[in-house]
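Undergrad: Here's a sequence, model it:
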Amino acid sequence: MANKIQIRRGLKASLPSLSVGEPALCTDTKELFVGNTGGNIGLVSKEAFDAHLAEITTDLNDIKITRGYASPLGLKETVVESANELLNTGFYKVVSSNTLDLPITVGIATYLIEVFKASGTVVTQRATVAYSTLNDEEGDSFYRVKSAAIGWKPWTKVATAKQKNWISATLQNGWTGTLKYSKNDLGQVVLYGNLTVGTIATYTVVTTLPSEYRPLAYATCNVYMLTGANTGKVLPALIYNRDTDGLRVAALNGLATGDTLSFVLIYQS
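TA: Numbers count the residues shown, from 1 in each chain. Prediction:
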């Protein structure tokens, strides 16, 4: 005759330390425990195991296994008070509205942050902007390093030749048309226009740009004449000197009020 298995029963709060292999059922929580050398071990139901497995799958960023290959279905947002807390090697998705110490301080941006822990005290972070309410920040990358001696260094932007969003300039002194400007991370400014000529007196201001868009030195702007007495000609009709506050009409410019012209001016700011 087979031996009967004796199962201890009682409330979970009253559960004693079980002998190795001894089972016990908590009548209030319906949990089953077995004694082990390290203490009581709880056994789980299939339903609880399946629920826990679903949590693990979610925490692993929804990794899908297809024919033996793993593919991420999406990176969950990591919620931390500060990016300074991201110290372990890995990839993290964070949003600036929830997280401090990120590169962009204006507007709201979503980042993919790559963390590489070189040692116990040296950590490198690289943050790439996936989305920004400012729009022109998307795709920008920044990096910084933390060491025990210095702590976190400031974020450094990775320079690119990509032009930012174009800004429309305000025309003055009777000049009309389209005039836009932009600057990349290398400090190169592009200014382009399709204009109808207004006042042509020497040094008349055509437009005034912010100081950070001024050239390092004197810049001559050659224009292509679309209409007027000099149609089809290229004239050095406009100038930009960093000591002045804007794009101006040059002396001996060959222009007449009402002429139309176009140009592209590129210079280092």
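
Undergrad: just the helices in the stretch 101-250 of the chain please.
TA: Assigned helices in the stretch 101-250 of the chain: none (criterion: DSSP state H, counting those that start in this stretch).

Undergrad: how about low-confidence regions in it?
TA: 135-136, 243-245 (pLDDT under 70).

Undergrad: now the strands for it?
TA: 109-117, 123-132, 141-147, 151-152, 156-157, 167-168, 176-183, 188-196, 205-207, 219-225, 234-240, 247-249 (DSSP state E, counting those that start in this stretch).

Undergrad: The longest one: which residues count as buried?
TA: Buried residues in strand 123-132, counting neighbours by 16 or more other CB atoms under 10 Å, are found at V123, Q125, A127, T128, V129, S132. (Each C-beta comes from the backbone N, C-alpha and C, glycine too.)

Undergrad: any idea how far G42 is from the residue most central in space within the chain?
TA: In the chain, the residue lying closest to the centroid (CA atoms, centre = their mean) is V129, at 1.4 Å. According to CB to CB, to the nearest Å, V129 stands 45 Å off from G42.

Undergrad: pretty sure A148 is touching T121, no?
TA: Yes: A148 lies in contact with T121 (CB atoms under 8 Å); the separation is 3.8 Å.

Undergrad: number of nearby residues for the spatially closest residue to L238 that is not a sequence neighbour?
TA: Distance criterion CB to CB, 6 or more residues apart in numbering; nearest residue to L238, sequence neighbours excluded, is C221 at 3.8 Å. For C221, the neighbour count with other CB atoms under 10 Å is 20.

Undergrad: Could you do the one 5 residues further on as well?
TA: L226 sits with 15 neighbouring residues when counted by other CB under 10 Å.

Undergrad: Which residue, other than its chain neighbours, is closest to it?
TA: Nearest residue to L226 in three dimensions, chain neighbours excluded: T260, at 4.3 Å (CB to CB, 6+ apart).

Undergrad: This completes my enquiry, with thanks.
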